[in-house]
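# this one's sequence-less:
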């Protein structure tokens, strides 16, 4: 019998704020299919996507993309993992699914 995962705590205000920005929505959309959008990454995508690859994809400065990633992380929509000198990001699917469930029930 499979144990159900606990429902993640949602910071709805942080999520709404994060999703209000089109660049952040684009980052989340690209992270949904990293093998399509970041196929040239040298390290395996199971670590996530290297912040530098996200910078290059967005064609924005590193500091701007870093601020967007920080907002997504604060909202719980992405997680990060440091490997050596690099930081990798991936979508936090349980939080995204819980948020979508919340939205479908509330609106």
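Sure, I can see it. A quick note: this is a predicted structure, and the numbers were derived from the prediction, not measured.
# so residue 81 is in contact with residue 49, correct?
No: in terms of Cβ atoms under 8 Å, residue 81 does not count as a neighbour of residue 49; the distance is 10.6 Å. Every residue, glycine included, has its C-beta placed from N, CA and C.
# which residues do those two both contact?
The contact sets of residue 81 and residue 49 overlap at 88, 90 (Cβ atoms under 8 Å, 6 or more residues apart in numbering).
# which of those two has more residues huddled nearby?
When neighbours are counted by other Cβ atoms under 10 Å, residue 49 comes out ahead of the other of residue 81 and residue 49, with 23 against 11.
# can you check the pLDDT for the more buried one?
pLDDT recorded at residue 49 is 96.
# ok, it - contacts?
Residue 49 touches 30, 31, 34, 38, 41, 88, 89, 90, counting by Cβ under 8 Å, 6+ apart.
# show me those residues that map onto helices.
With helices defined by DSSP state H, the entries of those inside them are 30, 31, 34.
# neighbours of the nearest residue to residue 37 once chain neighbours are set aside, how many?
Nearest non-adjacent residue to residue 37, counting by Cβ to Cβ, 6 or more residues apart in numbering: residue 30, 4.2 Å away. Using other Cβ under 10 Å, residue 30 has 18 neighbouring residues.
# my read is that residue 30 contacts residue 57, right?
Yes: the pair residue 30 and residue 57 passes the contact test of Cβ under 8 Å, sitting 6.2 Å apart.
# what is in contact with those two at once?
37, 38.
# where along this structure do the strands fall?
49-50, 78-83, 86-91 (DSSP state E).
# turn those strands into TSV, including distance to residue 10.
TSV is the format used below for those (distance: least, Cβ to Cβ, whole Å):
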stretch	distance to residue 10
strand 49-50	23
strand 78-83	14
strand 86-91	15
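# please identify the most buried of these.
Across the strands of the chain, averaging neighbours per residue (mean count of other Cβ atoms under 10 Å) puts strand 49-50 on top, at a mean of 21.
# how many residues are close by the closest residue in space to residue 87 that isn't next to it in sequence?
Spatial nearest neighbour of residue 87, chain neighbours left out: residue 51 (4.9 Å); criterion: Cβ to Cβ, 6+ apart. Neighbour count of residue 51, defined by other Cβ under 10 Å: 17.
# that concludes my questions; thank you for your assistance.
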